[in-house]
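Asker: structure of the sequence below:
(2 chains)
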Amino acid sequence: MVAKFDQTDSSVVVIIGTGAGGGVLANELAQKGVKVVALEAGGRYLPEDYVNDEWESFGQLAWLDPRTTSGDWRVARDFSGLPAWIVKAVGGTTTHWAGASLRFQDHEWKALTTYGRVDGANLLDWPIDGAEMAPWYDKAETKLGVTRTGDRPGLPGNNNYKVLEKGALALGYKEVHTGRMAINSLDYDNRMACQQTGFCFQGCKWGAKWSAAYTEIPAGEATGNLEVRERCHAARIEHDDSGKVTGVVYFDAEGKEQRQAARVVCVAGNTIESPRLLLNSASAMFPDGLANSSGQVGRNYMRHVTGSVYAVFDKPVRMWRGTTMAGIIQDEARNDPTRGFVGGYELETLSLGLPFMAAFLDPGGWGREFTTALDSYENMAGMWIVGEDMPQETNRVTLNSEVKDQFGLPAPNVNFSDHPNDIAMRNHAYKQGMAIYNAVGATRTFPTPPYPSTHNLGTNRMSENPRDGVVNKWGQTHDIPNLFISDGSQFTTGAAENPTLTIVALAIRQADHIAREMSANTI
Amino acid sequence: MTLQNSRSGLTRRQLLARSVAAGAALVVGPGFIAGNDAAWALETTALKPETMATLVQMARDIYPHDHVPTEFYVVAVKGYDTPEAAPGIEAGIAALDAAAQGKGFSSYIGAGWERDRVDLLRAMEDSAFFQKIRGGLVTGLYNQKAVWPLFGYEGESFSQGGYIERGFDDINWL
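Answerer: Residues are numbered from 1 along each chain as shown, chains lettered A, B, ... in the order given. Model (predicted):
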């Protein structure tokens, strides 16, 4: 029984976004009996709707509203209107994610303490740590059915993994395996096991990969406490004279302005949209945007130190067969400044189909240097770099008053430039990645530049001191007690790990806190 | 516009007899070009056939794959044969031919070696015209399902049950 709440019902929690943060929070609150209205800008797509064709799927799922870019990152040149490759749909980017589910390493919660001050970086310790998060990670791993956690076995390795593994072992790496993945290796939670179909990025047609679209959302709806309003785009959050938020103004599927009253508002629109919404909600009382007394809303935008290494061999690999992110090397994830940078990085297999390889291998490239690489597409193996990047105040999401979206709202601009630590880490990873493939007989290697961001973090950072960030250790904004941030934008620092598991763990924990505080009538 | 195969009624001999240009495509008559091997033919409506023939050669020079037949390049650029797009394409190709003539060639296609043609393209690679053609080819050429098998790419596998029993881990040379 799907709930339907009145727009004037001021007892509901309004959640903006239904991805890893918002979708999980919505279900967790609904399970506890809290009434929830979730506003989702995108439509509802389920496994039968997913299309295993890269460009067609991109057109179906990607967030393509107007955005602009600036800074010296190559994305601003090659994909100037597409800073991020994320999803606009019920379930958010959990439709698209590869499934890698890694816990932070303990030291990564304390980046400032561990790394010390780094010039140009706005490092800060999280107000929480690994011990605090351990039980929440346990719950998150169980929810997602993460392989190699609990009693769940790992996935089998595909061709792309076998090449990576052999090269990694030849270099002496030890922590090499098929990953901790939210992709079922056995039937789990009424979802079937992975059929090694590929196209993990286009939505799993088997439902073997965890996505909020077909787990959290229907589970929450079944309680009768959750109403998901699809194709409803939040425009601004309103507040009363006491400074508490009172509701959310949004545009519905017909483009008509609507308002939903709220007791609590939780923002989970991903790291670009969440600060944009706070900034677009500026008022006479909060002229710099909601929850922005620190001036940190929109700042410290992080995207991980990414990049890829592809290599061609003299014989076929057929990397596209099977799980896209089929394995991992974790030896470089440690913090070892003797390498010339602080923090660490993971190396994870990745493959792109021919259409996306043509677009992303060397954006703008042409001529035989480029086409002979694609001629060997069948003989290609690939890996992705994901490492901790430095938060910088000048890497930020701002409102672009020159460009409006389809509702007339100022579009977000994403400004990003690499920190020298990011460049040193990427170059180290390129060198190691190429060495891994050369050890298996690669005839040619390609240090491939970062794609539009999939890991978008940090623009509403968590801090102990209200002066340093936007939210406290519960994701509650320092300035407004009934306004929460529930997505990756609350990350204080990025760590080396794919962020989804941590976003989910924080959302489960936040649901517990919100329900408790609502019962105590403190919010 | 129509893209025809060799069963279109024109014989290879007829096509060659009517050709007026060399290169990846032959202009075989008013509003009509065809492949050297008569495997395909294209009727143009808005573009001059010589312009389309040069555009096809330019496409191949930007993304040269010797094992990919020219018809795939034709498909990739035939969308420019519209009244809206034609003026810009005609102007761009005219500039390309003028650049070729400035280097002593009769035309772009008249430069026989790919290296010479690529030099001409390199000199204009920052132009809006070049970037429009190149950018369009990224999807226009590589997103043709029919071209994928020529690169070994298998496309979707869901309809066949994935690769779990069809070789996801069949690498045998490591």
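
Asker: packing partners of the helix or strand where A:Thr502 lies?
Answerer: In this structure, A:Thr502 sits in helix A:500-519 according to DSSP states H and E. Contacts defined by 3 or more Cβ pairs under 8 Å, 6 or more residues apart in numbering or on different chains; DSSP states H and E place helix A:500-519 against helix A:22-31, helix A:130-144, strand A:264-267. Any C-beta I mention is one placed from the backbone N, CA and C, and that applies to glycine too.

Asker: what's the nearest residue to residue 170 if we skip its chain neighbours?
Answerer: Defaulting to chain A. With Cβ to Cβ, 6 or more residues apart in numbering or on different chains as the criterion, A:Ala170 has its nearest non-adjacent residue at 3.9 Å, and that residue is A:Ala439.

Asker: please refer instead to chain B.
Answerer: A:Asn159 (6.8 Å).

Asker: and the one you found, how far from B:Leu174?
Answerer: Look at A:Asn159 and B:Leu174: by Cβ to Cβ, to the nearest Å, they are 9 Å apart.

Asker: how close does the residue in the stretch 351-500 of chain A positioned nearest to chain B get to A:Val51?
Answerer: Chain B sits closest to A:Glu378 of the stretch 351-500 of chain A, with a gap of 3.0 Å, by Cβ to the nearest Cβ. Separation of A:Glu378 from A:Val51 (Cβ to Cβ): 23 Å.

Asker: in the lowest-mean-pLDDT helix or strand in chain A, which residues are buried?
Answerer: For chain A, using mean pLDDT, DSSP states H and E, the weakest element among its helices and strands is helix A:75-78, scoring a mean of 93. By neighbour count on 16 or more other Cβ atoms under 10 Å in any protein chain shown, the buried set for helix A:75-78 is A:75-76, A:78.

Asker: list the helices and strands the longest helix seen in chain B packs on?
Answerer: Of all the segments assigned as helix in chain B under DSSP state H, the longest by residue count is helix B:86-102. Secondary structure elements in contact with helix B:86-102, counted by 3+ Cβ pairs under 8 Å, 6+ apart, are helix B:49-62, helix B:114-122, helix B:128-142.

Asker: A:Ala520: neighbouring residues, count only.
Answerer: 8 (other Cβ atoms under 10 Å in any protein chain shown).

Asker: return the residues in contact with A:Lys404.
Answerer: A:66, A:410-411 (Cβ atoms under 8 Å, 6 or more residues apart in numbering or on different chains).

Asker: what does the strand or helix carrying A:Ala311 contact?
Answerer: Using DSSP H and E, A:Ala311 sits within strand A:305-312. The contact list for strand A:305-312 (Cβ under 8 Å, 6+ apart) reads A:345, A:350, A:357, A:361, A:373, A:376, A:379-389, A:418, A:422, A:425-426, A:429-430, A:433-434, A:436-438, A:442-451, A:453, A:455.

Asker: ok, back up a step: for the helices and strands packed on helix A:500-519, which one sits closest to B:Val77?
Answerer: helix A:22-31 (43.1 Å; Cβ to Cβ).

Asker: check which helices and strands the helix or strand following that closest one is in contact with.
Answerer: Following helix A:22-31 in sequence order, the next helix or strand is strand A:36-39 (DSSP H and E). When contacts are defined as 3+ Cβ pairs under 8 Å, 6+ apart, strand A:36-39 packs onto strand A:13-16, helix A:22-31, strand A:226-229.

Asker: dump the ones you listed to TSV, plus mean neighbour count and distance to A:Asp405.
Answerer: Putting those into TSV (neighbours: other Cβ atoms under 10 Å in any protein chain shown; distance: least, Cβ to Cβ, whole Å) gives the following:
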stretch	mean neighbour count	distance to A:Asp405
strand A:13-16	27	15
helix A:22-31	29	20
strand A:226-229	24	18
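
Asker: what about A:Ser294, neighbour count?
Answerer: The local packing of A:Ser294 (other Cβ under 10 Å) involves 21 other residues.

Asker: any idea how far it lies from A:Asp479?
Answerer: Separation of A:Ser294 from A:Asp479 (Cβ to Cβ): 8 Å.

Asker: what sits in contact with each of those two?
Answerer: Common neighbours of A:Ser294 and A:Asp479 (criterion: Cβ under 8 Å, 6+ apart): A:Pro466.

Asker: who in the stretch 251-400 of chain A is up against chain B?
Answerer: By the rule Cβ under 8 Å from any Cβ of the partner chain, the part of the stretch 251-400 of chain A lying against chain B is A:315-318, A:320-322, A:353-355, A:357-359, A:364, A:366-368, A:370-371, A:374-375, A:377-378.

Asker: what parts of the stretch 401-523 of chain A come near chain B?
Answerer: Looking at chain B, the residues of the stretch 401-523 of chain A close enough under Cβ under 8 Å from any Cβ are A:Val440.

Asker: how near is the nearest residue to A:Ala222 once chain neighbours are set aside to chain B?
Answerer: Nearest residue to A:Ala222 in three dimensions, chain neighbours excluded: A:Met1, at 7.5 Å (Cβ to Cβ, 6+ apart). Separation of A:Met1 from chain B (Cβ to the nearest Cβ, to the nearest Å): 32 Å.

Asker: do A:Leu64 as well
Answerer: 15 Å.

Asker: nice, that's everything, thank you.
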